[in-house]
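Colleague: from the sequence below, what's the structure:
(chains A and B)
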2 protein chains.
Amino acid sequence: MKNLLVAQSGGPSAAINATLVGVVEKGLADRNIDKIYGAKNGIMGLMRGQLVELSEQLSDPEKLQLLCQTPSSVLGSCRMKLSDFKESTFEYEKIIQVFRKYDIGYFIYIGGNDSMDTVYKLSEYCKEMRIDDIKIIGAPKTIDNDLTETDHCPGFGSAAKYVATTMSEISCDCNVYAQPSVTIVEIMGRDAGWLTAASALGRLNGDTAPDLIYLCERPFCVDQFLDDVRAKMAEKHSIIVAVSEGIRNEEDDYLTDSLQDRAADAFGHKILAGASRYLEEIIRFEIGCKVRSIELSVMQRCASHVASAADIYESRLLGAAAADYCISGETGKMACIKRVSEKPYRFAIDFVEIEKIANQVKKVPDEWITPAGNDVTQEMIDYLLPLIQGEMPCTYRNGVPVHLRLD
Amino acid sequence: MKNLLVAQSGGPSAAINATLVGVVEKGLADRNIDKIYGAKNGIMGLMRGQLVELSEQLSDPEKLQLLCQTPSSVLGSCRMKLSDFKESTFEYEKIIQVFRKYDIGYFIYIGGNDSMDTVYKLSEYCKEMRIDDIKIIGAPKTIDNDLTETDHCPGFGSAAKYVATTMSEISCDCNVYAQPSVTIVEIMGRDAGWLTAASALGRLNGDTAPDLIYLCERPFCVDQFLDDVRAKMAEKHSIIVAVSEGIRNEEDDYLTDSLQDRAADAFGHKILAGASRYLEEIIRFEIGCKVRSIELSVMQRCASHVASAADIYESRLLGAAAADYCISGETGKMACIKRVSEKPYRFAIDFVEIEKIANQVKKVPDEWITPAGNDVTQEMIDYLLPLIQGEMPCTYRNGVPVHLRLD
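Modeller: A predicted model of the protein is given here:
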């Protein structure tokens, strides 16, 4: 009998706790596992020995249910990469020390790109040091949906559902006045435009937003953007535009960096904020109509009250599968979702060597963006659709959702 | 038999269509009413004769149900005040002409302050001109909750529920990292801080945000704000602050206007955006920790997927009561919600002379703000609590909420 350790890392999402629930459920039910521990704030807390006992705190099904509707990482998170162990083994020795102290045989690390780098380095270190009684498995999580080898990432479906829902509501909001207006909605994603693409789902039931979609995969040309907006405004009075926060110009500079000087010339001041704020000023100056910019900000990653049932379900199953695989003696791999069938949508969980995943970014395929670069194709819609299906029952008390906190 | 006309005006909310549903339901069921018309874009469309027949389009209960979950004004809206009829009767004559053409005997105008000004002027004009076969009743609506005479305004409860829900989720999101951080959440309300006060409801189930709350009713002092933030940061690492968009300094200037020069001196650039963005820069410069600003933007007024059941219920009843009262022959009044009992919460609908309401603003009572000016009192919580109770069932299709559009 060994103990199981789980930790969470990277940016918050609405599904990262569902994966934790899956890990804990498997640990509770498996006769090879004695205690289940959680490390606070990912490997940062792990190195400091900040472990909490989860077996007792989470033995109650009602608490597990509440945890599934609690956004962000209940164990806390960190943004930290381990140093190369060929240069310094200090961090690695600290971690193994804590593993030994708590008799950890299995470690599940839930997170995005940086976290998979940790899984990779830590499992390589164990191999190098011939430590074969500690198994390490990664469980993916990122609203950016940019991990390779997996069809999609836990957390993405819920963020996509929030973006689609909000876009459909913004469509109702912005079409209400008779005067011409442009609304620019900025969506998270610096390197991959998956979540911005999900804004297209806002049109599924007949709402019209967004009218234009710009992903960070294609170079962004301000003049072309203005032409696109003017062309749409010739057709209708209220235009809604979705843009990735990470849109860059042809020189691969972020819009707000590169155009700082032009902005200072044109408007007499420097630009403080992100892409949408910048485009707002451009529209005001060049077109002169009513214009508003909206950042979906952290709400798109933490709005668990409107989580995707498909996402929460898969995230939970994936956590359980990762724990199961780890306990069976496997190490240095990440749990992946494979799309077995498109229509009807079917998935299976598989495991892939971690070195194929760590530090890679899966971008939107160019052919899923329209030739004009201002919308997405039907292939993209078909890919996204199954990921936002279903609504989770959400427990409210006093009119506000209930979230679980650990002692 | 006469026809009934209804129109919507002012800023969008999640409940303004529920009031429309109430009006239509009453009109459909009343034997004194022949047809029900809606004017597009409020009095602007009314003057142009842009009327749509609603009796047939909305005779189906399923459509009425979908309309209740459709945010914003399905008839469109406007921001327009009638001129003084003692100076020019042109607009009034146009309106009466349309009333005559469509045989309108009853007009229900749903909206906020400006719309109640229209109800006031139009009913005064009818009195002056001895037109006694056209009855005009106002139905309140504003997420700002700043109409007088009514305990609260339809639309406010749903916006308050969104703010509370989102604040509880932001709390989970922002507390996740171990490093010190400040998050500033800007909430709508230029003249009244009711909606900002509702952020306090985010704490009802144990989430900790917001740590500090600043309403626009009290003068905002940047130095005191910095002292407050520093004091909170001595206790905990992650601080979340709620501020009204309309916070003003002791000279009653909006923060961003008045401090433009100081900002330009301190940071070498002018400030483009609202209160939260300005405070973000102040924190970055004066405290130097990780800081983020979030605007809840239009989402707080259009997130009908998380509407308050209490709000939608009352809004619908209020629309029906307004139509009923109008058909009974009353004119020049607004439907108000009276709080009959606090615990348990009970309300009744009453009617108040429109001149007592038009162009007035109901501010938050000073005694409902704490002496230090950085939080609200228990009286405020007790007042707000009943308004966000209950969740509406929301019909989704393809994973996205369904909204109704008129032909």
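Colleague: going by C-alpha atoms from here, please, whenever you check contacts or count neighbours.
Modeller: OK.
Colleague: residue numbers of the stretch 51-200 of chain A in contact with chain B?
Modeller: Residues of the stretch 51-200 of chain A found near chain B (CA under 8 Å from any CA of the partner chain) are A:70-78, A:161, A:164-166, A:168-170, A:172-173, A:175-178.
Colleague: now, which of those lie within helices?
Modeller: A:161, A:164-166, A:168-170, A:172-173 (DSSP state H).
Colleague: between those, which has the most around it?
Modeller: Counting neighbours by other CA atoms under 10 Å in any protein chain shown, residue A:161 comes out on top of these with 33 neighbours.
Colleague: burial measure for the closest residue to that one other than its chain neighbours, as a count.
Modeller: Counting by CA to CA, 6 or more residues apart in numbering or on different chains, residue A:388 is the residue found nearest to residue A:161 once chain neighbours are left out, at 5.1 Å. Counted with other CA under 10 Å, residues neighbouring residue A:388 total 27.
Colleague: check contacts around residue A:15.
Modeller: Residues in contact with residue A:15 (CA atoms under 8 Å, 6 or more residues apart in numbering or on different chains) are A:68, A:71-72, A:141, A:154-155, A:158, A:304, A:307, A:311-312, A:315.
Colleague: could these go into a markdown table alongside neighbour count, pLDDT and secondary structure?
Modeller: Below are the contacts of residue A:15 laid out as a markdown table (neighbours: other CA atoms under 10 Å in any protein chain shown; pLDDT from 0 to 100; DSSP: H, G, I helix; E, B strand; the rest coil):
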| residue | neighbour count | pLDDT | secondary structure |
| --- | --- | --- | --- |
| A:68 | 28 | 97 | helix |
| A:71 | 29 | 97 | coil |
| A:72 | 31 | 96 | coil |
| A:141 | 32 | 95 | coil |
| A:154 | 36 | 97 | coil |
| A:155 | 34 | 97 | coil |
| A:158 | 31 | 98 | helix |
| A:304 | 29 | 97 | helix |
| A:307 | 32 | 98 | coil |
| A:311 | 30 | 98 | helix |
| A:312 | 28 | 98 | helix |
| A:315 | 29 | 98 | helix |
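Colleague: what pLDDT does residue A:176 get?
Modeller: pLDDT recorded at residue A:176 is 89.
Colleague: what number of residues are in the vicinity of the nearest residue to residue A:40 once chain neighbours are set aside?
Modeller: Here the nearest residue to residue A:40 in space, its sequence neighbours aside, is residue A:75; by CA to CA, 6+ apart that works out to 5.0 Å. Neighbour count of residue A:75, defined by other CA under 10 Å: 23.
Colleague: check contacts around residue A:75.
Modeller: A:7-8, A:38-42, A:406, B:176.
Colleague: the same query, at a cut-off of 10 Å, please.
Modeller: Residues in contact with residue A:75 (CA atoms under 10 Å, 6 or more residues apart in numbering or on different chains) are A:6-9, A:17, A:20, A:38-42, A:45, A:51-52, A:405-406, B:176-177.
Colleague: just give the nearest non-adjacent residue to residue A:345, would you?
Modeller: residue A:386 (6.5 Å).
Colleague: now do the SS call for the one you found.
Modeller: Using DSSP: H, G, I helix; E, B strand; the rest coil, the structure places residue A:386 in helix.
Colleague: ditto for residue A:67
Modeller: Look at residue A:67: counting by three-state DSSP, its state is helix.
Colleague: go on, residue A:106?
Modeller: strand.
Colleague: so residue A:334 is in which element?
Modeller: strand A:333-341 (DSSP states H and E).
Colleague: any regions of the stretch 151-300 of chain A where pLDDT drops low?
Modeller: Applying pLDDT under 70 to the stretch 151-300 of chain A flags residues A:257-273.
Colleague: and the helices in it, which stretches?
Modeller: A:156-174, A:194-197, A:222-235, A:255-258, A:260-267, A:275-286, A:299-302 (DSSP state H, counting those that start in this stretch).
Colleague: pretty sure residue A:352 sits against residue A:147.
Modeller: No. Counting by CA atoms under 10 Å, residue A:352 does not reach residue A:147; the two are 11.8 Å apart.
Colleague: can you list residues touching both of the two?
Modeller: Counting by CA under 10 Å, 6+ apart, the residues touching both residue A:352 and residue A:147 are residue A:336.
Colleague: taking the stretch 151-300 of chain A, what residue is nearest to chain B?
Modeller: residue A:176 (4.5 Å; CA to the nearest CA).
Colleague: show me what contacts that residue?
Modeller: Per CA under 10 Å, 6+ apart, neighbours of residue A:176: A:238, B:8-12, B:40-41, B:72-78.
Colleague: do residue A:250 as well
Modeller: Taking CA under 10 Å, 6+ apart, we find residue A:250 in contact with A:218-221.
Colleague: go on, residue A:37?
Modeller: Here residue A:37 is in contact with A:3-7, A:24, A:27, A:50-55, A:102, A:104, A:107 (CA under 10 Å, 6+ apart).
Colleague: list the ones among these that fall in helices.
Modeller: Those of the contacts of residue A:37 lying in helices (DSSP H): A:24, A:27.
Colleague: between the contacts of residue A:37, which has the most around it?
Modeller: Compared across these, residue A:4 has the highest neighbour count, 31 neighbours, by other CA under 10 Å.
Colleague: isn't it right up against residue A:105?
Modeller: Yes. The pair residue A:4 / residue A:105 is scored as a contact, 6.2 Å apart, by CA under 10 Å.
Colleague: which neighbours do these two share?
Modeller: A:33, A:99, A:134-135, A:326-327.
Colleague: go through those residues and name the one nearest residue B:234.
Modeller: residue A:99 (33.0 Å; CA to CA).
Colleague: helix or strand for that closest one, which one?
Modeller: Residue A:99 belongs to helix A:90-101 when assigned by DSSP H and E.
Colleague: elements contacting that helix?
Modeller: strand A:2-8, helix A:42-47, strand A:104-111, helix A:113-128 (3 or more CA pairs under 10 Å, 6 or more residues apart in numbering or on different chains; DSSP states H and E).
Colleague: and residue A:352 and residue A:147? which has more neighbours close in?
Modeller: More neighbours surround residue A:147 than the other of residue A:352 and residue A:147, with 24 against 16 (other CA under 10 Å).
Colleague: how far away is the more buried one from chain B?
Modeller: Distance, residue A:147 to chain B, by CA to the nearest CA, to the nearest Å: 22 Å.
Colleague: next up, the contacts around residue A:106.
Modeller: Listed by CA under 10 Å, 6+ apart, the contact partners of residue A:106 are A:2-6, A:33, A:36, A:99, A:133-137, A:323-331.
Colleague: ramachandran angles for the residue sitting nearest the centre point of chain A?
Modeller: By CA atoms, centre = their mean, chain A has its centre lying nearest to residue A:143, at 1.4 Å. Main-chain torsions, residue A:143, degrees, to the nearest 10: phi -70, psi -20.
Colleague: so it sits against residue A:188, correct?
Modeller: Yes. Using CA under 10 Å, residue A:143 is in contact with residue A:188, at 8.5 Å.
Colleague: overlap in contacts, these two.
Modeller: The contact sets of residue A:143 and residue A:188 overlap at A:159, A:194-195, A:300-301 (CA under 10 Å, 6+ apart).
Colleague: and whatever helix or strand comes next after the strand holding residue A:334, what does it pack onto?
Modeller: Per DSSP H and E, strand A:333-341 leads on to strand A:346-353 as the next helix or strand towards the C-terminus. Using 3+ CA pairs under 10 Å, 6+ apart, the elements in contact with strand A:346-353 are strand A:135-140, helix A:309-327, strand A:333-341.
Colleague: most tightly packed of those?
Modeller: With neighbours taken as mean count of other CA atoms under 10 Å in any protein chain shown, the helices and strands packed on strand A:346-353 reach their highest mean count in strand A:135-140, at a mean of 30.
Colleague: so how far is that one off the chain centroid?
Modeller: When distances are taken as CA atoms, centre = their mean, to the nearest Å, strand A:135-140 is centred 17 Å away from the chain's centroid.
Colleague: tell me the helices and strands packed up against it.
Modeller: So strand A:135-140, by 3+ CA pairs under 10 Å, 6+ apart, packs with strand A:2-8, helix A:16-29, strand A:104-111, helix A:113-128, helix A:309-327, strand A:333-341, strand A:346-353.
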